[in-house]
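Participant: Attaching a predicted model along with its sequence, questions to come.
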Amino acid sequence: MKFLTSLFLLIFTYTISNAQVATEALRYSQLSPSGTARVVGAGGAFGAMGGDFGGISINPAVIANYWYSEFTFTPSFNVINGASTLENTGQTNNTNASFNLDHIGVVFTPDEYTDTWTSSNFAIGYNKIANYDENFEFEGKTTGSIVGYFADQAAGRGPGALDNFIAGPAYEVGAIFEPDNDNIYSADFDPFGTDVQKEQSIERRGGMNELVFGWGGSIKNKVNLGVSINVPFVNFEERKVYRESDNDNTIDNFNQLSFSENLTTSGVGISAKIGAIVNLNPLRIGFSYHTPTILSLQDSFYTVHYYSYTLNDIIEEADSRSPDGVFDYRLKTPARMVASLGYLLRSDVIKGFLNADFEFVNYAGNKFNLTSSDLSGPEDAEYQDQINGEIDRDFRNVVNVRLGAEIAKGKWRVRSGVSLNPSPFKNGESDLNTIVGLGLGFRTDSFYIDLGGRAISNSFGYVPYQAQFVEEDQNVDVDLTRKEIVITAGFVF
């Protein structure tokens with residue numbers, strides 16, 4: 001029961017939609033192939049090609065196409081532009097930037113080959129397969145206040161029975177008052193009928209990096225086979241700071257408040273991938289299967305309240321920090337199948353490739369395990385069934401399509417690609433997330449450098465806190481654009 005209580009407290013602190021936990025499963029199952037600048041520039045379409053470490057996370061059979069040992073690494077620079085509108089009060093814009101290491105790896109090729117195995121190579125390294133960086137903020141004056149949310153969370157319970165994260169600290173700092181005989185809490189003003197100036201900043205950082213141990217070999221240069229063991233590492237941090245103020249002194253007693261929510265998720269998992277590429281020059285046909293990923297995750301979270309009011313011409317203020325909340329759980333993300341079709345360009349003037357990847361994934365295959373803790377009980381199993389039922393009901397099968405091309409002349413390469421990702425929600429069948437990639441490369445016999453970039457746009461609705469009645473929600477329309485620039489340096493030895 002203690003485990004279940006902690007889980008509900010986390011849900012209170014992480015309110016984005018009506019299916020918060022179900023939606024969180026998508027964070028760890030919606031992947032974006034990248035790692036190297038070559039894969040980014042080709043739109044993530046690399047399943048039938050080879051000779052690039054980023055492609056291993058799509059199809060491990062690409063390892064077979066290395067003829068020399070290589071060491072590569074890829075730093076990246078991200079710029080995030082956010083545009084948010086609170087209930088048509090006006091748009092708030094913000095820009096943030098971050099640096100990351102998206103890839104580092106080495107591939108070893110043997111000095112000699114057999115008559116059957118014309119290549120047999122080993123790879124170790126990691127690729128970034130998901131980026132969680134997001135920043136946006138909003139502000140405006142609308143009817144309603146978060147103190148109504150605090151009062152709703154406290155309703156029906158005495159002060160000694162309030163939780164330690166939402167209602168309890170709100171009561172402690174004076175945002176809500178002593179209840180009446182029915183345990184109904186009051187505030188300094190009507191939280192549902194008063195116009196209040198409000199703002200919030202949301203900052204998310206982190207990603208999923210996949211540690212890869214792989215082998216790939218080619219049978220007489222006709223069939224490439226590959227297998228990899230993958231260890232994904234999850235790192236996600238979120239900080240949300242919500243504020244309300246009465247700078248115009250139109251609300252009696254009330255001055256200002258703030259509510260900060262802080263969440264850190266970390267974990268590790270395990271999965272495997274097998275793949276094959278059939279060389280029918282100039283055609284290539286590829287196929288790979290990605291097993292479900294089993295993730296062991298830990299959430300750490302806390303909240304901070306601040307409240308200021310004026311009583312008898314004296315300014316009173318108080319703040320309160322919650323205890324640290326921690327709980328462990330598991331998530332199984334769905335299996336994937338990637339079918340690829342490639343065409344090699346081999347003329348006297350130019351060389352290159354065309355590649356199309358079709359990735360089949362059933363997002364309804366996400367499954368939470370909330371009963372792995374020693375503190376779990378029957379209530380946890382019941383809630384687990386509820387959340388997994390929401391996943392079955394709301395998510396669907398999709399086919400992600402990635403199209404990419406590379407043109408090479410002499411030592412120079414030019415790349416472009418696009419990724420078309422349908423919505424995983426059954427009620428969002430018409431929604432399509434489009435990612436466009438561009439790239440440039442320069443290659444010699446012993447060294448190469450690739451530059452890649454892509455633009456990722458995302459639009460969604462956001463609710464800073466969940467009101468008791470949906471008509472009281474503060475609705476925010478958010479448009480995010482993340483521009484990524486990645487540089488891969490490779491050394492042949």
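Facilitator: Arrived safely.

Participant: Show me how far the helix or strand hosting E379 is from its chain's centre.
Facilitator: Assigned by DSSP states H and E, E379 belongs to helix 378-394. Taking Cα atoms, centre = their mean, to the nearest Å, the mean C-alpha location of helix 378-394 is offset from the chain mean by 22 Å.

Participant: same deal with stretch 331-348?
Facilitator: The answer for stretch 331-348 is 22 Å, by Cα atoms, centre = their mean.

Participant: per-residue confidence averaged over it?
Facilitator: Across stretch 331-348, pLDDT averages out at 95.

Participant: Show me which residues of the longest strand belonging to the chain are buried.
Facilitator: Using DSSP state E, we find that the single longest strand of the chain is strand 254-280. Within strand 254-280, the residues that count as buried by 16 or more other Cβ atoms under 10 Å are 254-255, 257-265, 267, 269, 271, 273-277, 279. For the C-beta atoms, the positions are set from N, CA and C on the backbone; glycine is no exception.

Participant: Each with direction, which strands does it pair with?
Facilitator: Next to strand 254-280 in the sheet, as set by DSSP bridges, lie strand 223-245 (antiparallel), strand 283-290 (antiparallel), strand 293-311 (antiparallel).

Participant: avg pLDDT for the first one?
Facilitator: Confidence over strand 223-245 (mean pLDDT, whole number) is 97.

Participant: Do a quick rundown of the helices in the chain.
Facilitator: 2-13, 20-27, 37-41, 146-154, 167-173, 378-394 (DSSP state H).

Participant: Quickly, which of the ones you listed bottoms out on average pLDDT?
Facilitator: helix 2-13 (a mean of 42).

Participant: now for the helix holding E379, which elements pack on it?
Facilitator: Judged by 3 or more Cβ pairs under 8 Å, 6 or more residues apart in numbering; DSSP states H and E, the packing partners of helix 378-394 are helix 2-13, helix 20-27, strand 367-369.

Participant: Let me have the strands paired with strand 254-280 in TSV, adding distance to I407 and mean neighbour count as columns.
Facilitator: As requested, the strands paired with strand 254-280 are exported to TSV (distance: least, Cβ to Cβ, whole Å; neighbours: other Cβ atoms under 10 Å):
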stretch	distance to I407	mean neighbour count
strand 223-245	23	19
strand 283-290	17	20
strand 293-311	35	19
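
Participant: of all the ones you listed, which lies closest to A405?
Facilitator: With distances scored as Cβ to Cβ, the stretch of those nearest to A405 is strand 283-290 (13.7 Å).

Participant: which ones are touching the nearest residue in space to I176 that is not next to it in sequence?
Facilitator: Leaving aside its chain neighbours, I176 sits nearest to Y185 (4.3 Å; criterion: Cβ to Cβ, 6 or more residues apart in numbering). Y185 makes contact with 150-151, 154-155, 171, 176-179, according to Cβ atoms under 8 Å, 6 or more residues apart in numbering.

Participant: What backbone torsions are found at Y185?
Facilitator: phi -90, psi 150 (degrees, to the nearest 10).

Participant: ok, it to I350 distance?
Facilitator: 72 Å (Cβ to Cβ, to the nearest Å).

Participant: before we move on, what about D102?
Facilitator: Where I350 is concerned, D102 sits at a distance of 28 Å (Cβ to Cβ).

Participant: neighbour count winner among the two?
Facilitator: D102 (28 against 12; other Cβ atoms under 10 Å).

Participant: Would you check that that one makes contact with K128?
Facilitator: Yes - if you go by Cβ atoms under 8 Å, D102 and K128 touch, sitting 4.2 Å apart.

Participant: Now for those two: what residues contact both?
Facilitator: With Cβ under 8 Å, 6+ apart, D102 and K128 have common neighbours 34-35, 76.

Participant: now that we have these, which one has the most neighbours?
Facilitator: G35 (33 neighbours).

Participant: measure that residue to S57 for me?
Facilitator: 6 Å.

Participant: Determine the residues that are contacts of both of the two.
Facilitator: Listed as contacting both G35 and S57 by Cβ under 8 Å, 6+ apart are 127, 129.

Participant: any chance you could map the strands in the stretch 51-200 of the chain?
Facilitator: Using DSSP state E, counting those that start in this stretch, the strands of the stretch 51-200 of the chain run over 70-86, 91-108, 117-131, 134-143, 195-219.

Participant: which residues touch N221?
Facilitator: Contacts of N221 by Cβ under 8 Å, 6+ apart are 118, 279.

Participant: The one 5 residues further on now?
Facilitator: If you count contacts by Cβ under 8 Å, 6+ apart, G226 has them with 56, 59-64, 214-217, 273-276, 288.

Participant: quick one: which of those is nearest F136?
Facilitator: Using Cβ to Cβ, the contacts of G226 come closest to F136 at I56, 33.3 Å.

Participant: That closest one touches F213, doesn't it?
Facilitator: No - under the criterion of Cβ under 8 Å, I56 makes no contact with F213, lying 10.0 Å away.

Participant: In terms of neighbours, single out the busier of these two.
Facilitator: The residue with more neighbours, out of I56 and F213, is I56; 30 against 15, by other Cβ under 10 Å.

Participant: Per-residue pLDDT of that one, please?
Facilitator: On the pLDDT scale, I56 gets 96.

Participant: Can you give me the distance of it to E484?
Facilitator: Distance from I56 to E484, by Cβ to Cβ: 19 Å.

Participant: How about S245?
Facilitator: With distances taken as Cβ to Cβ, S245 is found 36 Å from E484.

Participant: ok, now R443?
Facilitator: Taking Cβ to Cβ, one finds R443 at 22 Å from E484.

Participant: Those two: which has the busier surroundings?
Facilitator: E484 (25 against 16).

Participant: so what's S34 closest to, chain neighbours aside?
Facilitator: V40 (5.0 Å).

Participant: Tell me how many other residues surround the closest residue in space to S459 that isn't next to it in sequence.
Facilitator: Nearest residue to S459, sequence neighbours excluded (Cβ to Cβ, 6+ apart): D479, at 5.0 Å. By other Cβ under 10 Å, the residues close to D479 number 16.

Participant: Pull the contacting residues for D479.
Facilitator: 82-84, 457-459 are the contacts of D479 under Cβ under 8 Å, 6+ apart.

Participant: Would you quantify the distance from the residue lying farthest from the centre of the chain to D188?
Facilitator: What lies farthest from the middle of the chain is N312; by Cα atoms, centre = their mean that is 48.9 Å. According to Cβ to Cβ, N312 stands 14 Å off from D188.

Participant: try I456
Facilitator: Separation of I456 from D188 (Cβ to Cβ): 43 Å.

Participant: of the two, who's got more company?
Facilitator: Taking neighbours as other Cβ under 10 Å, I456 and D188 compare with D188 leading, 23 against 20.

Participant: Tell me who's in contact with that one.
Facilitator: Contact analysis of D188 by Cβ under 8 Å, 6+ apart lists 147, 251-254, 309.

Participant: got it, and G275?
Facilitator: 47, 59-62, 225-227, 286-289, 338.

Participant: Can you name the residues bridging to it?
Facilitator: G226, S288.

Participant: Quick check, pLDDT for it.
Facilitator: Per-residue confidence (pLDDT) for G275: 98.

Participant: Now do it against E472, distance only.
Facilitator: Distance from G275 to E472, by Cβ to Cβ: 51 Å.

Participant: Same check on Y171?
Facilitator: 21 Å.

Participant: show me the contacts for R38.
Facilitator: 46, 52, 54, 406, 415, 439, 441, 450, 452, 488.

Participant: Would you format the residues you listed as JSON lines with distance to I202 and neighbour count included?
Facilitator: JSON lines is the format used below for the contacts of R38 (distance: Cβ to Cβ, whole Å; neighbours: other Cβ atoms under 10 Å):
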{"residue": "F46", "distance to I202": "33", "neighbour count": "33"}
{"residue": "D52", "distance to I202": "35", "neighbour count": "25"}
{"residue": "G54", "distance to I202": "30", "neighbour count": "31"}
{"residue": "E406", "distance to I202": "37", "neighbour count": "23"}
{"residue": "R415", "distance to I202": "33", "neighbour count": "27"}
{"residue": "G439", "distance to I202": "31", "neighbour count": "26"}
{"residue": "G441", "distance to I202": "36", "neighbour count": "21"}
{"residue": "D450", "distance to I202": "33", "neighbour count": "26"}
{"residue": "G452", "distance to I202": "28", "neighbour count": "29"}
{"residue": "T488", "distance to I202": "31", "neighbour count": "28"}
